[in-house]
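Trainee: 3D model of this:
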Amino acid sequence: MEYAPHARYPTTSVVLTGIRRELLIAACAIYLLFLSQLMLSAAIHDSNYYGNDGKLYESIILTAFRFGGFFNVTNINPLQGVGSQLLPLNVWANPGYWPFAFFSREIAADVSAAVSLAIFMTGCYVMARCFDVSIVASSIAAQFCIVLFAPTALLFNTPSNFVLCPGNALVHSLHMVALGILARLEPGSPRRFFAVTGALLLVFLYSVYADPLWTMFSGATWAVPFAVVTFGSWNRQAILIRCAALGCCFLVLLVSGALEYLYALSQYTARVQFADVLDRVRGPGLVSSLSFSLYMKTFYLACFVGWLLGLLTLRGRSRLLVIAAAVSAGFLIVYSVIYLLLENAKWLVAPDPAVRRAQLLCAVHDGRCCRLLGAPAAHDFLHCEACRLGFRQRPDAMASCHFRCI
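Mentor: Now for the predicted structure:
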């Protein structure tokens with residue numbers, strides 16, 4: 001029998017075709033959602049950067065473009081004195097803010113929301129794919145992020161964090177990408193460890209560089225899913241190597257002075273000082289959208305069903321994502337109860353549960369879609385041993401199997 005190596009292994013062109021197909025599907029999903037957001041914003045005026053807080057954010061962004069430098073991490077200086085309402089952000093490092101440098105204020109607000117939604121959707125998609133969720137399920141889960149942005153958020157009464165300032169979505173998307181990168185870290189060669197750890201560190205540094213204040217708020221909330229992913233493996237070596245990667249990132253941030261800057265920021269920012277002196281009235285409206293939204297009950301019910309099915313049927317990283325979503329929801333419930341009961345707890349002043357709710361909503365939502373929409377994920381062609389064995393006998397079967405896997 002004549003030896004034919006091309007009959008045993010898939011050709012490179014077939015593999016590249018599968019990658020191109022995924023890029024095409026993801027690009028179409030992002031592009032269509034981007035157009036939908038622009039059409040909704042054009043039909044419903046003045047919905048982005050909504051209310052007094054939204055107009056304040058617009059003023060801060062325009063001020064940063066006027067007086068801030070290209071590489072300035074913060075636009076706050078001692079000459080402004082105590083009580084400045086400016087936020088430490090680098091508008092040139094956040095593409096969501098770029099429209100304010102080129103368009104009028106009204107047009108820039110709508111374009112900024114669309115760009116920020118595309119960034120947030122990309123981060124959601126990358127995180128889902130890193131947890132072995134199928135391509136179609138990841139795309140659908142990412143497209144559902146539109147309910148967090150105006151004007152859709154105003155119609156369904158979802159959390160208003162990205163209604164007031166859509167540009168904050170960059171920081172949240174970076175933390176989603178970092179969580180996905182951490183989930184991909186497995187015991188292997190030192191070269192792979194340093195490559196993955198370097199990518200993780202770059203994501204953290206970019207987050208601090210773009211918006212240090214919201215990086216600290218979002219990072220404190222996303223610490224729960226990070227802890228679940230780090231210690232959620234039965235392989236002790238995987239746990240140790242993920243702890244080592246996070247330890248290396250922490251050490252670099254400490255030596256570089258980034259952590260010291262973040263701590264000083266939390267002590268001397270006027271918004272934190274004001275909240276420490278005069279706390280707002282704590283009520284159900286700052287804890288759960290169930291107190292004012294008729295649609296969140298259905299959302300949380302779907303999340304519960306998705307988590308239950310995911311815990312019973314999924315395996316591997318997909319199940320780990322479901323566990324991280326469920327634990328994050330449990331943490332949010334406990335945090336909200338403590339927030340309501342301990343009125344004089346200064347460590348619960350910032351951020352309030354409403355902020356944390358929006359920050360964790362994407363992880364909770366991805367955990368639900370992982371089971372409700374991602375049933376083929378267990379058959380993903382990148383991780384399916386049966387498919388790999390079949391490709392060695394029939395290389396032409398990869399394309400058809402890839403359609404079933406997505």
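Trainee: only C-alpha atoms from now on, for both contacts and neighbour counts.
Mentor: Noted.
Trainee: so which strand or helix has I338?
Mentor: Using DSSP states H and E, I338 sits in helix 316-341.
Trainee: what does A238 give?
Mentor: Short version: A238 belongs to helix 236-256, going by DSSP H and E.
Trainee: so for that helix, mean pLDDT?
Mentor: Averaging pLDDT along helix 236-256 yields 93.
Trainee: cool, and stretch 88-96?
Mentor: For stretch 88-96, the per-residue pLDDT values average out at 86.
Trainee: straight-line length of it, end to end?
Mentor: Using C-alpha to C-alpha, to the nearest Å, the end-to-end distance of stretch 88-96 comes to 16 Å.
Trainee: quick one: that stretch to chain centroid distance?
Mentor: From the chain centre to the centre of stretch 88-96 is a distance of 17 Å (C-alpha atoms, centre = their mean, to the nearest Å).
Trainee: ditto for stretch 154-170
Mentor: On C-alpha atoms, centre = their mean, the centre of stretch 154-170 falls 14 Å from the chain's centre.
Trainee: same check on stretch 251-270?
Mentor: Counting by C-alpha atoms, centre = their mean, stretch 251-270 is centred 22 Å from the centre of its parent chain.
Trainee: now do stretch 300-308
Mentor: Mean-position distance between stretch 300-308 and its chain equals 20 Å (C-alpha atoms, centre = their mean).
Trainee: swap in stretch 104-118?
Mentor: Remark: stretch 104-118 is offset 19 Å from the chain centroid, using C-alpha atoms, centre = their mean.
Trainee: only the buried residues of the helix or strand E58 falls within, if you could.
Mentor: Assessed by DSSP H and E, E58 sits inside helix 51-67. Under the neighbour-count criterion of 16 or more other C-alpha atoms under 10 Å, helix 51-67 has 54-58, 60-62, 64-65 buried.
Trainee: contacting residues around it?
Mentor: Under the criterion C-alpha atoms under 8 Å, 6 or more residues apart in numbering, residues 48-49, 75, 86-87, 89-92, 97, 100-101, 163-165 lie in contact with helix 51-67.
Trainee: and it, average pLDDT?
Mentor: Averaging pLDDT along helix 51-67 gives 86.
Trainee: could you dump the very next helix or strand once past the helix holding A238 to PDB, C-alpha only?
Mentor: Per DSSP H and E, the first helix or strand lying C-terminal to helix 236-256 is helix 258-268. C-alpha atoms of helix 258-268 as PDB (Å, rounded to 0.1, in the frame of the first residue of the first chain):
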ATOM      1  CA  ALA A 258       0.500  51.100  38.700                       C
ATOM      2  CA  LEU A 259      -1.000  49.600  41.900                       C
ATOM      3  CA  GLU A 260       0.200  52.400  44.000                       C
ATOM      4  CA  TYR A 261      -1.300  54.900  41.600                       C
ATOM      5  CA  LEU A 262      -4.700  53.100  41.700                       C
ATOM      6  CA  TYR A 263      -4.700  53.100  45.500                       C
ATOM      7  CA  ALA A 264      -3.900  56.800  45.600                       C
ATOM      8  CA  LEU A 265      -6.600  57.400  43.100                       C
ATOM      9  CA  SER A 266      -9.100  55.700  45.400                       C
ATOM     10  CA  GLN A 267      -8.100  57.900  48.300                       C
ATOM     11  CA  TYR A 268      -7.900  61.300  46.600                       C
END
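Trainee: helices or strands next to helix 258-268 in the packing?
Mentor: On a contact count with 3 or more C-alpha pairs under 8 Å, 6 or more residues apart in numbering; DSSP states H and E, helix 258-268 meets helix 212-231.
Trainee: now do the helix it packs on, average pLDDT.
Mentor: Helix 212-231 comes out at a mean pLDDT of 87.
Trainee: and that helix, what does it pack against?
Mentor: Here helix 212-231 touches helix 169-184, helix 236-256, helix 258-268, helix 316-341, helix 353-372, going by 3+ C-alpha pairs under 8 Å, 6+ apart.
Trainee: so where's the longest helix in the chain?
Mentor: Of all segments of type helix in the chain, defined using DSSP state H, the longest is helix 12-43.
Trainee: what helices or strands is that one leaning on?
Mentor: Checking 3+ C-alpha pairs under 8 Å, 6+ apart, helix 12-43 ends up next to helix 105-130, helix 135-143, helix 397-405.
Trainee: if we go to 10 Å?
Mentor: The contact analysis (3 or more C-alpha pairs under 10 Å, 6 or more residues apart in numbering; DSSP states H and E) places helix 12-43 against helix 105-130, helix 135-143, helix 152-156, helix 397-405.
Trainee: can you redo the ones you listed as a markdown table with mean pLDDT?
Mentor: Shown next, in a markdown table, are the helices and strands packed on helix 12-43 (pLDDT from 0 to 100):
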| stretch | mean pLDDT |
| --- | --- |
| helix 105-130 | 92 |
| helix 135-143 | 87 |
| helix 152-156 | 85 |
| helix 397-405 | 39 |
